[in-house]
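Peer 1: Fold the following, please.
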Amino acid sequence: MESVFLIIATLSYCIGTIGYLIYLLRDWNPIHRASWGILLVGALFHATAILVRSIEIRQLAVTSSQEALSFFAWMLVVTYLVVQTRLQLRILGSFVAPLAVLFMFISSILPAHIIPRGGIFQSGWVIFHVTTLFFANALFALAFSAGIMYLLQERQIKRKSFGFLYGRLPSLERLDKINYYCLIVGFPLMTAGLITGFAYASVDSVWRSPWNWDPKEIFALITWVIYAISLHERLTVGWRGRKAAWMAIFGFLAVLITFLGVNLFMKGHHTTFIR
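Peer 2: As a prediction, this is how the structure comes out:
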């Protein structure tokens, strides 16, 4: 039954993506409403699939790269749906929905490793650690999308080449605000998630030390530093616009390396339960 829910969710994301790509080309509100609703249906089926899987394995279903990517795609869609209702930036769906489909596709082709069940995976610390980091990463993905849109819009304005995207993309000021909103909410979540992870790792029954020179720890710290610099420069030096957009793009690329690259190509403590 779980696989059926996942298939329905994936199909919904694909249809929603097609709708949002059409919306990118044509400003027609019914297409946006239908695409938003289809993404919502997909997110509900996806949540059910994750819940069923978590109950089956008696721990949060994020203990393999396949499950983690699927969970991240769900968090990304849910975060977009919520942000859209608050900020009314419809065109963001044209950039976020394809990302969700991409992560679901990669998740579907990864081998399904069987991860041993254990007490450390069932801890509330792990659930908090994982969900806060994934929520932060979803916000950073939105900031990444806003950064891409900012650079596209800025290029058209500088070149005075006003193609169809010029009228479809929001103003530079609004895109910069979206970037800042995602950063100001995402960075504390990321920090809380990392602190929780370090604290839990120091428990005797886990790794007995908060820092183990694990590749995921190292790249996670690098990613945190990138976002810390971005936030610091925004608040103290006044970085805005182009620099902030590039930092959002670099930051999310670091997230992808930490999340995907380390999982698939490096070995460390996290390899025990992320394959």
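Peer 1: SS state for the closest residue to residue 34 other than its chain neighbours?
Peer 2: Of all residues not flanking residue 34 in the chain, residue 19 sits nearest, at 5.8 Å (C-beta to C-beta, 6 or more residues apart in numbering). No exception for glycine: its C-beta is placed from N, CA and C like everyone else's. What DSSP: H, G, I helix; E, B strand; the rest coil gives for residue 19 is helix.
Peer 1: Need phi/psi at the residue in the chain sticking out farthest from the centre.
Peer 2: No residue in the chain sits farther from the centre than residue 160, which is 33.2 Å out by C-alpha atoms, centre = their mean. Torsion angles at residue 160 (phi, psi; degrees, to the nearest 10) stand at phi 50, psi 40.
Peer 1: related to what we said a few turns ago, was I right to think the residue nearest to residue 34 contacts residue 33?
Peer 2: No - counting by C-beta atoms under 8 Å, residue 19 does not reach residue 33; the two are 9.4 Å apart.
Peer 1: Please identify which of these two sits among more neighbours.
Peer 2: residue 19 (23 against 13; other C-beta atoms under 10 Å).
Peer 1: List the residues that contact the more buried one.
Peer 2: 31-32, 34-35, 38 (C-beta atoms under 8 Å, 6 or more residues apart in numbering).
Peer 1: What's the local residue count around residue 22?
Peer 2: 15.
Peer 1: please begin residue numbering at 72 from this point
Peer 2: Got it, first residue is 72 now, which makes that one residue 93.
Peer 1: measure it to residue 234 for me?
Peer 2: Per C-beta to C-beta, to the nearest Å, residue 93 is found 17 Å from residue 234.
Peer 1: Likewise for residue 203?
Peer 2: 40 Å.
Peer 1: who's in contact with residue 206?
Peer 2: Per C-beta under 8 Å, 6+ apart, neighbours of residue 206: 146, 150, 257, 260.
Peer 1: again, but for residue 174
Peer 2: Residue 174 neighbours (C-beta under 8 Å, 6+ apart): 140-141, 143-144, 147.
Peer 1: which of the contacts of residue 90 tops the neighbour count?
Peer 2: Within those, most neighbours by other C-beta under 10 Å means residue 106, with 23 neighbours.
Peer 1: Could you list the buried residues of the host helix or strand of it?
Peer 2: Using DSSP states H and E, residue 106 sits in helix 100-128. By neighbour count on 16 or more other C-beta atoms under 10 Å, the buried set for helix 100-128 is 102-103, 105-107, 109-110, 112-114, 116-117, 119-121, 123-125, 128.
Peer 1: elements contacting that helix?
Peer 2: Where contact means 3 or more C-beta pairs under 8 Å, 6 or more residues apart in numbering; DSSP states H and E, helix 100-128 is packed against helix 73-96, helix 136-158, helix 164-180.
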